[in-house]
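K.L.:
whatever this is, show me its structure:
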Amino acid sequence: MPPRVPSGRFRAATAAESVDLVSWAQGFFGEVHEPESREFCARVVGDRVREGRLSLWCNPAPVSMAGWSGRTPNAARVNFVYTPRENRGRGLQIMAYRAGLIGGVLTVRNADAGGTIVVCALQRAAKS
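P.N.:
Got it, this is the predicted structure:
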């Protein structure tokens, strides 16, 4: 049975949304036990939006954010992922669906130092 297609869409965050995203950034840092000031969070959000490194899942309004860094030839490190409590409960469903679209398999495990590790593995095409 194919996974249910999640509603919504993924798009880049805009400067006009930065003020609202500062509260989400404060929520993120608080939940990883590294609380930060509103000023620090405003700087982080502003930098990421300007650099095109902060995206939103919208349904139709923004419901979560994710950042990225460390681009490689085939991927980027995803970080700064936050969903306000009132919007939680569908993240893994969305990620599993997206992994399936590209022929990947999603695995989820607890990290030794706390947190969660999510990996999307792809099979390489056989060389002929």
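K.L.:
hey, where'd the helices end up in this structure?
P.N.:
Secondary structure of the chain (DSSP state H): helices located at 18-31, 38-50, 91-101.
K.L.:
touching, residue 80 and residue 66? I think so.
P.N.:
Yes: with contacts counted by CB atoms under 8 Å, residue 80 reaches residue 66, the gap being 6.6 Å. In this view, the C-beta of every residue, glycine as well, is placed from N, C-alpha and C.
K.L.:
tell me the domain boundaries of the chain?
P.N.:
Annotated domains of the chain cover 7-88, 89-128 [automatic domain parsing].
K.L.:
how close does residue 107 get to residue 117?
P.N.:
Residue 107 sits 8 Å away from residue 117, going by CB to CB, to the nearest Å.
K.L.:
alpha carbons only: can I get the helix or strand bottoming out on mean pLDDT in the chain in CSV?
P.N.:
The helix or strand of the chain with the lowest confidence, counting by mean pLDDT, DSSP states H and E, is helix 91-101 at a mean of 75. Taking C-alpha atoms only, helix 91-101 is exported to CSV below (Å, rounded to 0.1, in the frame of the first residue of the first chain):
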residue,chain,number,x,y,z
GLY,A,91,6.9,14.8,10.0
LEU,A,92,8.0,11.2,9.6
GLN,A,93,5.1,10.5,7.3
ILE,A,94,6.1,13.4,5.0
MET,A,95,9.8,12.3,5.1
ALA,A,96,9.0,8.7,4.3
TYR,A,97,6.7,9.7,1.4
ARG,A,98,9.5,11.9,0.0
ALA,A,99,12.1,9.2,0.4
GLY,A,100,9.8,6.8,-1.5
LEU,A,101,9.4,9.3,-4.4
